[in-house]
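*Asks:* take a look and give me a structure for this.
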Amino acid sequence: PGITPDPAAPGSALPRRSVLYVEDNPINAMLLREVLKSRPHIELHVAVDGASGIEMARELQPDLLLLDMQLPDMSGLDVRGALREHAATRELPCMALTGSVLDADIAKARAAGFVGYVTKPLDLPSFLARLDAFFAGRTFADLDDLNAQAAAWASGPAGERRCPEDETLSVSAAFAQEQG
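*Replies:* Next up, the predicted model:
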C-alpha cells in the first residue's frame, strides 16, 4: 500500500498548517517533504540543526514541530527546553522523530512534554494518521485502538486477513472512516 490520500475530500477547505522539521539529515528531510505532498494543506519548513530550529520556531510560530532527537549541535530535549523558556514557543507542540527505540528515551520525551514519539524509519501510514489526528484536534492516544486493530489484523492467520483487493487496512484509512 502507498501513502494514504489527504483525508479531506477534493475541493474541501482544510485550514493551512505550518510544520517545522528540525533534521540534520537531508535525505530524511527530502523524504518528509515528498510524503507531505499528500497533505497539500501542510506547509513544511526545515531547519538543519537545533540552533536554527529554535530561531525558526520563534519566527514562524508553526502549528507543530517535528524534532530529530540527535542533532549535531544539541539534543532534541535541549531544543525543547530552549523553546519552553520563551512565552511565544512555550506551548509549541513537539513530536519526536528519531532512530532511538529505547524506553528511557521515550520516557524522557514524554516527561519533556512531547505530544508524540515516532521512530525511524517511518511507518508512513501510521505517521500520517498521527498528523491527521493531531490537526483534527485528537490526541495520539486516540489512535491506540486503531493501531492495535491494524497490528492484530496484519499478524493474524492468512485466512483472517482477506479483504477486497481495492481495500487496504491501514491506520489512516480506519481513522478516515471513523471521521466520516
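
*Asks:* how about the helices in the protein?
*Replies:* Along the chain, the stretches classed as helices by DSSP state H are 26-35, 50-60, 76-84, 103-111, 124-135, 144-155, 171-179.

*Asks:* would you point to the one among those helices that's packed deepest?
*Replies:* Mean neighbours per residue, mean count of other CB atoms under 10 Å, is largest over the helices of the chain for helix 124-135, with a mean of 22. C-beta coordinates here come from the backbone N, C-alpha and C atoms, glycine included.

*Asks:* which helices and strands does that helix pack with?
*Replies:* With contacts defined as 3 or more CB pairs under 8 Å, 6 or more residues apart in numbering; DSSP states H and E, helix 124-135 has these neighbours: helix 26-35, strand 64-68, strand 116-119, helix 171-179.

*Asks:* hey, least reliable of these by pLDDT?
*Replies:* Ranked by mean pLDDT, the helices and strands packed on helix 124-135 bottom out at helix 171-179, which scores a mean of 43.

*Asks:* now tabulate the helices of the chain in a markdown table and tack on distance to Arg90.
*Replies:* As requested, the helices of the chain are exported to a markdown table (distance: least, CB to CB, whole Å):
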| stretch | distance to Arg90 |
| --- | --- |
| helix 26-35 | 25 |
| helix 50-60 | 11 |
| helix 76-84 | 5 |
| helix 103-111 | 16 |
| helix 124-135 | 18 |
| helix 144-155 | 27 |
| helix 171-179 | 29 |
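
*Asks:* relative to Cys94, which of the ones you listed is closest?
*Replies:* Cys94 sits nearest to helix 76-84 of all the helices of the chain, at 5.5 Å, using CB to CB.

*Asks:* look up how far Gly50 lies from Val35.
*Replies:* Going from Val35 to Gly50 by CB to CB, to the nearest Å gives 23 Å.

*Asks:* ignore the last one, Ile42
*Replies:* According to CB to CB, Ile42 and Gly50 sit 22 Å apart.

*Asks:* could you do Arg90 as well?
*Replies:* Using CB to CB, Arg90 is found at 17 Å from Gly50.

*Asks:* then Ser18?
*Replies:* 19 Å.

*Asks:* go on, Asp103?
*Replies:* Separation of Asp103 from Gly50 (CB to CB) stands at 24 Å.

*Asks:* do the same with Ser38
*Replies:* Ser38 is 28 Å from Gly50, by CB to CB.

*Asks:* what's near enough to touch His45?
*Replies:* Under the criterion of CB atoms under 8 Å, 6 or more residues apart in numbering, the neighbours of His45 are 18-21, 56, 60, 62.
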